[in-house]
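S.K.: no sequence on hand, only this structure:
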């Protein structure tokens with residue numbers, strides 16, 4: 001029997017704590033960085049921690065792939081008395097092929113929740129600064145996305161429309177192959193809260 005997603009997160013958390021306490025040491029860390037100036041500036045101890053964490057995370061990801069252990073966690077988003085349960089890729093875990101299918105299958109419920117919960121709030125496309133966006137344009141973004149995520153504060157609702165690789169979609173460097181568009185529903189100008 002393989003470990004569950006939650007068990008892998010517990011193991012990863014325990015190992016990360018041990019590494020930061022200095023209980024794990026990677027002796028070859030200086031050899032792995034091609035820049036001797038940066039290696040010297042960071043020091044052997046910090047380099048050891050960084051590479052030990054990367055190595056352990058890679059082992060966890062390999063285990064997930066080998067044993068088909070999902071990297072998704074399910075959580076509920078609440079806004080204005082409504083709620084939706086949705087999957088989300090944990091940032092420390094890898095997505096297995098079935099995970100993307102689950103994200104895509106949840107899209108209709110997430111989008112339906114967003115439509116109901118946003119009510120008469122103004123719509124903005126996230127950016128610096130946020131820019132007003134028409135509902136028709138948001139609908140076009142919804143249509144082109146593969147899956148959707150939703151998050152909320154007390155007064156704002158965030159719809160994230162994603163495509164591509166679930167592990168890379170939130171990284172700007174991954175565009176246009178993977179990416180996401182973020183729509184903010186707010187009563188007036190959006191706050192600077194990062195969700």
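M.R.: Arrived safely, thanks for sending. This is a predicted model, so every value here is computed, not measured. Residues are numbered from 1 along each chain as shown.

S.K.: surely residue 16 touches residue 53?
M.R.: Yes. Here residue 16 reaches residue 53: they are 6.3 Å apart, a contact under Cβ atoms under 8 Å. Just so you know, the C-beta spots here come from the backbone N, C-alpha and C atoms, and that holds for glycine as well.

S.K.: between these two, which contacts overlap?
M.R.: Counting by Cβ atoms under 8 Å, 6 or more residues apart in numbering, no residue touches both residue 16 and residue 53.

S.K.: and the strands in this protein?
M.R.: Along the chain, counting by DSSP state E, strands occupy 72-79, 82-89, 122-125, 131-132, 147-152, 157-163, 179-186.

S.K.: can you lay out the ones you listed as a markdown table showing distance to residue 109, mean pLDDT and mean neighbour count?
M.R.: Output for the strands of the chain, formatted as a markdown table (distance: least, Cβ to Cβ, whole Å; pLDDT from 0 to 100; neighbours: other Cβ atoms under 10 Å):
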| stretch | distance to residue 109 | mean pLDDT | mean neighbour count |
| --- | --- | --- | --- |
| strand 72-79 | 11 | 96 | 15 |
| strand 82-89 | 6 | 97 | 18 |
| strand 122-125 | 20 | 96 | 18 |
| strand 131-132 | 27 | 94 | 10 |
| strand 147-152 | 9 | 97 | 22 |
| strand 157-163 | 13 | 97 | 23 |
| strand 179-186 | 17 | 96 | 21 |
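
S.K.: export these to CSV and tack on distance to residue 114?
M.R.: Below are the strands of the chain laid out as CSV (distance: least, Cβ to Cβ, whole Å):
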stretch, distance to residue 114
strand 72-79, 9
strand 82-89, 8
strand 122-125, 11
strand 131-132, 17
strand 147-152, 5
strand 157-163, 5
strand 179-186, 8
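
S.K.: out of the ones you listed, which comes closest to residue 110?
M.R.: Between residue 110 and the strands of the chain, the tightest spacing by Cβ to Cβ is seen for strand 147-152, at 4.3 Å.

S.K.: which residues are contacting the closest one?
M.R.: 77-79, 84, 86, 88, 100, 103-104, 106-107, 110-111, 113-114, 117, 142, 157-163, 166, 180, 195.

S.K.: do the same with stretch 181-194
M.R.: 114, 118, 121-126, 130, 133, 138, 141, 145, 153, 155-161.

S.K.: flag the shaky bits of the chain, pLDDT-wise.
M.R.: By pLDDT under 70, the weakly predicted segments of the chain are 22-50, 192-195.

S.K.: can you point me to the longest helix in it?
M.R.: If you go by DSSP state H, the chain has its longest helix at helix 44-67.

S.K.: helices or strands next to that one in the packing?
M.R.: Judged by 3 or more Cβ pairs under 8 Å, 6 or more residues apart in numbering; DSSP states H and E, the packing partners of helix 44-67 are helix 5-20.
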